[in-house]
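Asker: Show me how the following folds:
(one chain, ligands or ions: 1)
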Amino acid sequence: MQCEDDLDLIDTHCHLDQDIFSVRLPRVLEAARQAGVRRFVVPGVHPGDWGRMAAIARSHDGIFPAFGIHPMHADLADGATLSQLAVLAPGAVAIGEIGLDPTYPIRLEAQEYAFREQLRLALALGLPVLLHCRRAFQRTLHILGEENADRVGGIMHAFSGSVEMALEFIRLGFAISISGTVTWPNALRPAKLALELPLESLVLETDAPDMTPHPFRGQPNQPAYLACVLGSVALIRGMHPQEVARQTTRNAVTILSI
Ligand SMILES: [Zn+2]
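Answerer: Residues are numbered from 1 along each chain as shown. This is a model prediction of the structure:
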């Protein structure tokens, strides 16, 4: 990876608390900085991960946790866990990742309950939310509307819907996050989003260790590869990477107050 001293990128979604990073984390962060990635948003997935997320944020510069319960663990969103979240969340940059995903074998009622409770907490604390949504975009929009989520807004992570659907989320105050899928040859939908959505509504993410961009597919993903996502978005839009970097970083800073 080229040294990009002038870039100041934010990886708005990377799971640096996961086991695969552990002892490699200092090297992974150094490689990212060499690639111009200086800030890292680490979203919560399982309540059991929150302690480690807080710990890595304390011991490394530039790591910002966003505590939350992923829809795949929505059945864990009981009173005690939600109270624990309410205690931790004021030290976070967002609540996340939360949302709906019927591709997981968790009852949709449980997912909706966890989603709404975490949205209400975000609103009470004035924190933005990081959304995870697959194949339930209309229902997600409906709940965001009912819960007045436009008052806090946030980021729709690794968005896989249409341009029209993306514009609905943008209207509700959400940025659309472009991930490594935009670099995959033949992935037309992410390229269309990167081309047609307003740059003021885009942010970048790796979702490391998943969704590794081309040409590193087959290896675990890491934040240094955000440069590949940036390169693809710039190429697709016919812009200089620096220009895309500046605006997408500004967008992330505005949403997350980091
Ligand atoms: Zn994620």
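Asker: Now do the longest helix anywhere in the chain: which elements does it pack against?
Answerer: Scanning the chain for the helix with the most residues, using DSSP state H, yields helix 108-125. In terms of contacts (3 or more CB pairs under 8 Å, 6 or more residues apart in numbering; DSSP states H and E), helix 108-125 is packed against helix 79-88, strand 95-100, strand 129-133, helix 137-146. Heads up, the C-betas are built off the backbone N, CA and C, glycines and all.
Asker: Serialize the ones you listed to CSV and add fields for distance to Ala110.
Answerer: Formatted as CSV, the helices and strands packed on helix 108-125 follow (distance: least, CB to CB, whole Å):
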stretch, distance to Ala110
helix 79-88, 13
strand 95-100, 11
strand 129-133, 15
helix 137-146, 14
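Asker: I'd like the ones you listed written out as CSV, with mean neighbour count, distance to Ile258 and mean pLDDT added.
Answerer: CSV is the format used below for the helices and strands packed on helix 108-125 (neighbours: other CB atoms under 10 Å; distance: least, CB to CB, whole Å; pLDDT from 0 to 100):
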stretch, mean neighbour count, distance to Ile258, mean pLDDT
helix 79-88, 14, 17, 98
strand 95-100, 29, 14, 98
strand 129-133, 27, 13, 98
helix 137-146, 17, 23, 98
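Asker: so which of the ones you listed gets nearest Ala191?
Answerer: helix 137-146 (19.1 Å; CB to CB).
Asker: what packs against the closest one?
Answerer: Packed next to helix 137-146, using 3+ CB pairs under 8 Å, 6+ apart, are strand 95-100, helix 108-125, helix 163-171.
Asker: How about the contacts made by the one residue sitting closest to the centre of the chain?
Answerer: With distances taken as CA atoms, centre = their mean, His13 lies nearest the centre of the chain, 3.5 Å away. Applying CB atoms under 8 Å, 6 or more residues apart in numbering, we find His13 in contact with Val41, Pro43, Glu97, Leu130, Ile155, His157, Ala158, Ser177, Ser179, Glu205, Thr206, Asp207.
Asker: Excluding sequence neighbours, find me the nearest residue to it.
Answerer: Nearest non-adjacent residue to His13, counting by CB to CB, 6 or more residues apart in numbering: Glu205, 3.7 Å away.
Asker: quick one, strands of the protein?
Answerer: Under the criterion DSSP state E, the chain contains strands at 9-11, 37-43, 63-66, 95-100, 129-133, 154-156, 174-178, 202-204.
Asker: would you turn those into a markdown table with distance to Pro220?
Answerer: Formatted as a markdown table, those follow (distance: least, CB to CB, whole Å):
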| stretch | distance to Pro220 |
| --- | --- |
| strand 9-11 | 14 |
| strand 37-43 | 16 |
| strand 63-66 | 18 |
| strand 95-100 | 19 |
| strand 129-133 | 20 |
| strand 154-156 | 23 |
| strand 174-178 | 19 |
| strand 202-204 | 18 |
